[in-house]
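Participant: could you look at this predicted model? Sequence included:
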Amino acid sequence: ARVHDPCVLDAVARDVAGGWFAPLTPAAREVRPGVFVGAGVSAPRTAKVSAPAVLGRGSVLAEGAVVDQSFLGEGCRLGEGAVVRGSHVGRGCVVGAGATVDRCLLGAGVVVAPGAAAPRGCVLAEGVVVAKAASLPEFSRVSADSTDEALVGAGGVGCLWQGDDDGFDDDDDGDDAAAAAETALGALGNDAAAAARERRNSWPPGSDDEDEDDAADTWDFDGAEAAKAKASDDAFRQTVREMILAGSKSGAAVDSMIMEVNCYKLSENRTFRDAAPAALEAVMDLAFAPGATKAQAVRSLSSEISRWTPLLAKLLGAGDVDDERFAALALEALVPSEPDHPRAPLGTPDVFAIALQKLYEADVLSGDGILAWGEASSSALRKSAQVGQLLAFLEDDSDEDESGFEEESD
């Protein structure tokens, strides 16, 4: 299969694992939300698998192996302590003991030997071998057509892909091609993509022969791009919010709204995280009606969270602690500064604690996600006694070991 845009591949794979295209799901058994395991998979309890993830048929994980938001094809093998994070791994790949694969795309039969590293944005073609303890440069595109041991290490197989006429738009300008590849491949991690765009736009092409003042007068990419990105983000958020509010007013089924929001998300090439603040804002607006008493607001809050749980569960993290922390911070940001705003009760410690508790009880936010928010926030709400009691309860409840699972071979 040919992949022209790793960002699209990653988005579609996450959506399928997240149930957005139900009844279309991975051809494997869902052992917990967002984690699918094929027949004959072997993994000890010390192996850690974080959703969304798919372990292809016959894959084997050794002690301490980590699969974090990644998709493994059939027959893959991970050695002791191997880490695969945010990556798509083809069938029959081997990641040796202590090796790392971070936000990469691996073709079939790729070998990353013990202690080796394939860092963010790398694309390794079928048959590439990264030798023991070797470390590729970020955003490397490696072909198995020949071998450059300076790149893949002694005994490795592979060289930097030089480009051909197979559909990639490389041109004679190596800097432009590298920038384009860096931006596209960096989309496997949002932070990497943003950093790549910032590097590419912060200095005009061909400016080596210009002095700094002239360049500053002529080129102003950063400010314009930042303003454009903010306007786009605001428009997306407003549209998602209005879609949910309109669906509530018309009595649309929540499942229908899930599909509608997801289709819009895909059309805008957005992520769950992009949509999460808008969904929270819409649900909070529905919960806190103008003129309602505090008691009425609390009852309405519980009712609306219960009603919209399927949508919120899809958007607010789906088991990813970092995304759940982001969602809790987004909830905190919805507290208005105006005392007469309909959402003003959310700013009281007891109501905010209830909101977090209801999201936890509905399995929208995990205890780990809320605790991560507690570590990140320094607000007055975070420091309140009511919220502190909730965090203490979650801390006591976090001793349960849910880090591993074991699947018997068929």
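Facilitator: Noted; the coordinates are in hand. Note that this is a predicted model, so its numbers are computed, not measured.
Participant: isn't L329 up against S377?
Facilitator: Yes - using CB atoms under 8 Å, L329 is in contact with S377, at 6.7 Å. (Each C-beta comes from the backbone N, C-alpha and C, glycine too.)
Participant: low-scoring stretches of the stretch 301-410 of the chain, by residue?
Facilitator: Residues of the stretch 301-410 of the chain that meet the criterion pLDDT under 70 lie in 317-319, 397-410.
Participant: what about the helices in it?
Facilitator: 309-315, 321-333, 349-361, 367-376, 380-383, 385-397 (DSSP state H, counting those that start in this stretch).
Participant: I'd like those as a markdown table, with distance to R91 appended.
Facilitator: Formatted as a markdown table, the helices of the stretch 301-410 of the chain follow (distance: least, CB to CB, whole Å):
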| stretch | distance to R91 |
| --- | --- |
| helix 309-315 | 29 |
| helix 321-333 | 28 |
| helix 349-361 | 38 |
| helix 367-376 | 32 |
| helix 380-383 | 46 |
| helix 385-397 | 39 |
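Participant: I'd like to know which of the ones you listed lies nearest to V84.
Facilitator: Counting by CB to CB, V84 lies closest to helix 321-333 out of the helices of the stretch 301-410 of the chain; the figure is 17.0 Å.
Participant: and the angle from the closest one to helix 367-376?
Facilitator: 60 degrees (axes from the mean of the first three to the mean of the last three CA atoms, to 10 degrees).
Participant: just the angle for helix 321-333 relative to helix 349-361, thanks.
Facilitator: 150 degrees.
Participant: so which elements touch helix 321-333?
Facilitator: Where contact means 3 or more CB pairs under 8 Å, 6 or more residues apart in numbering; DSSP states H and E, helix 321-333 is packed against helix 272-287, helix 349-361, helix 367-376.
Participant: the longest helix in the protein is where?
Facilitator: helix 221-250 (DSSP state H).
Participant: so what does the helix or strand just after that helix touch, helix or strand wise?
Facilitator: Downstream of helix 221-250, the first helix or strand assigned by DSSP states H and E is helix 254-267. Under the contact definition 3+ CB pairs under 8 Å, 6+ apart, helix 254-267 sits against helix 6-17, helix 221-250, helix 272-287, helix 309-315.
Participant: what residues does the shortest one touch?
Facilitator: When contacts are taken as CB atoms under 8 Å, 6 or more residues apart in numbering, the neighbours of helix 309-315 outside the stretch itself are 18-20, 244, 254-255, 257-258, 261-262, 272, 275-276, 279-280, 283, 305, 327, 359, 362-364.
Participant: bridged to R29, which residues?
Facilitator: Counting by DSSP bridges, R29 forms beta bridges with V37.
Participant: so it is in contact with V35, correct?
Facilitator: No - R29 is beyond contact range of V35, at 9.5 Å (criterion: CB under 8 Å).
Participant: so for these two, which sits in the more crowded spot?
Facilitator: A count of neighbours by other CB atoms under 10 Å puts V35 above the other of R29 and V35, at 21 against 13.
Participant: and the more buried one, how close does it get to E361?
Facilitator: Counting by CB to CB, to the nearest Å, the gap from V35 to E361 is 22 Å.
Participant: now the longest helix of the chain against helix 272-287, angle please.
Facilitator: Going by the same axes, to 10 degrees, helix 221-250 makes 40 degrees with helix 272-287.
Participant: buried sites along helix 221-250?
Facilitator: 236-237, 240-241, 243-244, 247-248 (16 or more other CB atoms under 10 Å).
Participant: do I have it right that F272 meets D322?
Facilitator: No - if you go by CB under 8 Å, F272 and D322 don't touch, sitting 11.8 Å apart.
Participant: looking at these two, which is more packed in?
Facilitator: F272 (24 against 13).
Participant: what's the nearest residue to that one if we skip its chain neighbours?
Facilitator: L315 (5.1 Å; CB to CB, 6 or more residues apart in numbering).
Participant: tell me how many other residues crowd the one you found.
Facilitator: 27.
Participant: tell me the most buried of the helices and strands packed on helix 321-333?
Facilitator: Using mean count of other CB atoms under 10 Å, the stretch among the helices and strands packed on helix 321-333 with the largest mean neighbour count is helix 272-287, at a mean of 22.
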